[in-house]
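Undergrad: can't give you the sequence, but here's the structure:
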């Protein structure tokens, strides 16, 4: 039976609930606020948990809106707005009674992190900003006005959570290596305490205050896999409540303080866990293979709200009942005319790296296939991230065309323990490149794909590794497409924000002291080795991988007489916020490149 080719534009116009920056439940437990894009633009919506009415759009005006947070009284809703993709967010407050939206951080050219917190009384908002050249934590009136700094650490602040009693802030910062440290500071500033063992800070992220403000639940890979710990603020002691059996992250307390819920990941698959602390009893739940995000207890403690997606379900809100163990979908993004049977779930595979190390990956096999089909090695970004069983229109389109897709979880990926995550530290562009290349060899050696028709693509760090693959192992590929990549470690570092420079130094050393390594791992200096057509896609407002990186490469490739198709989006940043641009870029740019790419793969 022949299955139709899934139209890419149709797939990319399928809306989904934004999962990275979270959602919020109203204090009365009746509504959920979330960011959604059914119009093609990211707006804030509110949905009644009992589904008594259709989702209502709350936000208005220009820009992409994320991170909705209800005020403690429930009469206001705060959110952040990115006007041009440059990540210089502003915080807006919507007043339900006045039906008015107010920008409380106007005329602020500095970057503000998307994580912010209301004070329990609703009079203040805490946030992280680089207004002094590095990311620190501030408190300002929720009505707007002067902000005061309450925490100034030598490393970038990332996330802030206000304690229920109003006295403390828990601040997550990027620290040594790829660790996150959690610091507790009074709202008045002053002395700080860090989650530590033997007075040494440990990796501690996703902190969540207990209802009585005496404890913090958090996750840490101190013992290799991420486990859930409970930190006693008064004594400084830690009780580990999980041990082994996957990575546990994103804990949330029940309102009575007797349970925790969290996400348990086993490689690319996730489960929802609920944990009775006093009885050490754990229950797990899975809708089907896929990814669960950000579980939160409802105010009555009877249910858990979370986000879920997989290749057959775009990201949507779901509710899990603790009483009967059942779950049902709250928001609906997938149009009824799209048949879920046409979407392909991946296989989990392992293949030998170039040095023999076993590398995990996701393998998508096409339904319609010739004996030796073409293939695309699809590289995830990060690098501290992983390929999961997620909704991805591009993958489903390629598979429906009869192409094999392999998504490696190369060394440097999360989800497989601390050692695997740090395996490429100070070897960036080295062992991770080798693991991706070994994926192409695996496809060829196992007769899964035609070795003469294997392409490579990725975005962000995946775009960087696309270019290291094309320059270090040029004979493996038939084409390459790098989306919002960087290619020159020196210029990328110099033109980046302070928090990104901090990560570079922690994971690749000082650019002067490690000059030779930084040079060797910069694909820009080795573009003469490229043998196949290259596509470069970049954005004018990208603060993570500036457009100048792709422009440099385009100029060198063009001067060498090589085929390079170049696309620059003048109204986007690192993450594409507009559906029209996303459709255009995922269609592989201009018509000439579309024809070239598809003819190359199908020849």
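TA: Yep, it's here. Predicted model only: the values in this text are computed from it and were never measured.

Undergrad: tell me which residues form a beta bridge with residue 239?
TA: Taking DSSP bridges as the rule, residue 239 bridges to residue 230.

Undergrad: what about it, distance to residue 277?
TA: 9 Å (Cβ to Cβ, to the nearest Å). No exception for glycine: its C-beta is placed from N, CA and C like everyone else's.

Undergrad: shared neighbours of those two, anything?
TA: Here residue 239 and residue 277 have residue 230 as joint contacts, going by Cβ atoms under 8 Å, 6 or more residues apart in numbering.

Undergrad: If you count surrounding residues, which of those two has more?
TA: Legend: neighbour count by other Cβ atoms under 10 Å for residue 239 and residue 277, higher for residue 277 (19 against 12).

Undergrad: Could you tell me the phi and psi values at that one?
TA: Residue 277 adopts backbone torsions of phi -70, psi -40, taken as degrees, to the nearest 10.

Undergrad: next one: the one 10 residues further on
TA: As for residue 287, its main-chain torsions (degrees, to the nearest 10) stand at phi -70, psi -60.

Undergrad: Show me the helices in the stretch 451-600 of the chain, by range?
TA: With DSSP state H, counting those that start in this stretch as the criterion, the stretch 451-600 of the chain has helices at 461-472, 489-494, 498-508, 515-520, 547-559, 579-586, 591-602.

Undergrad: just those helices: most buried one?
TA: Using mean count of other Cβ atoms under 10 Å, the stretch among these with the largest mean neighbour count is helix 461-472, at a mean of 26.

Undergrad: Check which helices and strands it sits against.
TA: strand 375-379, helix 431-445, strand 454-459, strand 479-483 (3 or more Cβ pairs under 8 Å, 6 or more residues apart in numbering; DSSP states H and E).

Undergrad: between those, which one is nearest to residue 224?
TA: Comparison of the helices and strands packed on helix 461-472 against residue 224 by Cβ to Cβ identifies helix 431-445 as nearest, at 18.8 Å.

Undergrad: can you tell me the average pLDDT over the closest one?
TA: Helix 431-445 carries an average pLDDT of 98.

Undergrad: low-scoring pLDDT stretches of this protein, where are they?
TA: By pLDDT under 70, the low-scoring segments of the chain are 1-2, 370, 586-603.

Undergrad: if we go to 80?
TA: Counting by pLDDT under 80, the chain has low-confidence residues at 1-3, 368-370, 585-603.

Undergrad: Can you spell out the domain ranges of it, please?
TA: 17-103, 340-602 (automatic domain parsing).

Undergrad: closest to residue 203 out of those?
TA: Closest approach to residue 203 among the domains of the chain (Cβ to Cβ): domain 340-602, 8.1 Å.

Undergrad: from the chain's centre, how far out does the closest one sit?
TA: Once both centres are worked out by Cα atoms, centre = their mean, to the nearest Å, domain 340-602 turns out to sit 16 Å from its chain's centre.

Undergrad: ditto for stretch 98-116
TA: Stretch 98-116 sits 22 Å away from the centroid of its parent chain (Cα atoms, centre = their mean).

Undergrad: Check which residues of that stretch are buried.
TA: Within stretch 98-116, the residues scored as buried using 16 or more other Cβ atoms under 10 Å are 101-102, 104-105, 108, 111-116.

Undergrad: just stretch 256-272 next, same as before
TA: Buried residues in stretch 256-272, defined by neighbour count with 16+ other Cβ under 10 Å: 259-265, 267-272.

Undergrad: With stretch 231-251 instead?
TA: Result for stretch 231-251 [16+ other Cβ under 10 Å]: buried residues 231, 233, 238, 241-242, 246-251.

Undergrad: same thing with stretch 113-130?
TA: Under the neighbour-count criterion of 16+ other Cβ under 10 Å, stretch 113-130 has 113-119, 124-130 buried.

Undergrad: Quote the end-to-end distance of it.
TA: Taking Cα to Cα, to the nearest Å as the measure, stretch 113-130 stretches 9 Å from start to finish.

Undergrad: same question, stretch 50-70
TA: Using Cα to Cα, one end of stretch 50-70 lies 18 Å from the other.

Undergrad: And the spatially closest residue to residue 238 that is not a sequence neighbour, how close does it get to residue 549?
TA: Take residue 238 and drop its neighbours on the chain: the residue closest to it by Cβ to Cβ, 6 or more residues apart in numbering is residue 229, 4.8 Å away. Taking Cβ to Cβ as the measure, residue 229 and residue 549 are separated by 39 Å.

Undergrad: Repeat that for residue 101.
TA: Here residue 101 is placed at a distance of 36 Å from residue 549 (Cβ to Cβ).

Undergrad: Then residue 232?
TA: Taken as Cβ to Cβ, the span from residue 232 to residue 549 is 46 Å.

Undergrad: same check, this time on residue 114
TA: On the measure of Cβ to Cβ, residue 114 and residue 549 end up 24 Å apart.

Undergrad: list the contacts for the residue nearest to residue 238?
TA: Counting by Cβ under 8 Å, 6+ apart, residue 229 touches 195, 204, 217-220, 238-241.

Undergrad: So which of those belong to strands?
TA: 217-220, 238-240 (DSSP state E).

Undergrad: can you put the residues you listed in CSV and add distance to residue 352?
TA: Below are the ones in strands among the contacts of residue 229 laid out as CSV (distance: Cβ to Cβ, whole Å):
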residue, distance to residue 352
217, 39
218, 36
219, 31
220, 31
238, 39
239, 40
240, 35
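
Undergrad: about what we covered before: among the buried residues of stretch 98-116, which one sits closest to residue 174?
TA: Top of the list for closeness to residue 174, among the buried residues of stretch 98-116 and by Cβ to Cβ, is residue 113 at 11.0 Å.

Undergrad: can I assume that closest one sits in a strand?
TA: Yes - the assignment for residue 113 (DSSP: H, G, I helix; E, B strand; the rest coil) places it in a strand.

Undergrad: tell me the contacts of it?
TA: By Cβ under 8 Å, 6+ apart, the residues touching residue 113 are 89, 127-129, 135, 157-159.

Undergrad: Next step: the buried residues of stretch 113-130 restricted to helices.
TA: Judged by DSSP state H, helices contain none of the buried residues of stretch 113-130.

Undergrad: What is the burial count for residue 323?
TA: 7.

Undergrad: how much space between it and residue 300?
TA: Per Cβ to Cβ, residue 323 is found 11 Å from residue 300.

Undergrad: Tell me the secondary structure at residue 138.
TA: Residue 138 ends up strand, using three-state DSSP.

Undergrad: wait, it sits on residue 129?
TA: Yes - Residue 138 lies in contact with residue 129 (Cβ atoms under 8 Å); the separation is 5.8 Å.

Undergrad: got any residues that touch both of those two?
TA: With Cβ under 8 Å, 6+ apart, residue 138 and residue 129 have common neighbours residue 147.

Undergrad: Contact partners for residue 274?
TA: So residue 274 contacts 259-261, 282-283, 285, 304, 322 (Cβ under 8 Å, 6+ apart).

Undergrad: export these to a markdown table and tack on distance to residue 80 and secondary structure?
TA: Output for the contacts of residue 274, formatted as a markdown table (distance: Cβ to Cβ, whole Å; DSSP: H, G, I helix; E, B strand; the rest coil):
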| residue | distance to residue 80 | secondary structure |
| --- | --- | --- |
| 259 | 30 | strand |
| 260 | 27 | strand |
| 261 | 25 | strand |
| 282 | 35 | strand |
| 283 | 34 | strand |
| 285 | 31 | strand |
| 304 | 25 | strand |
| 322 | 32 | coil |
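
Undergrad: Done for today, thanks.
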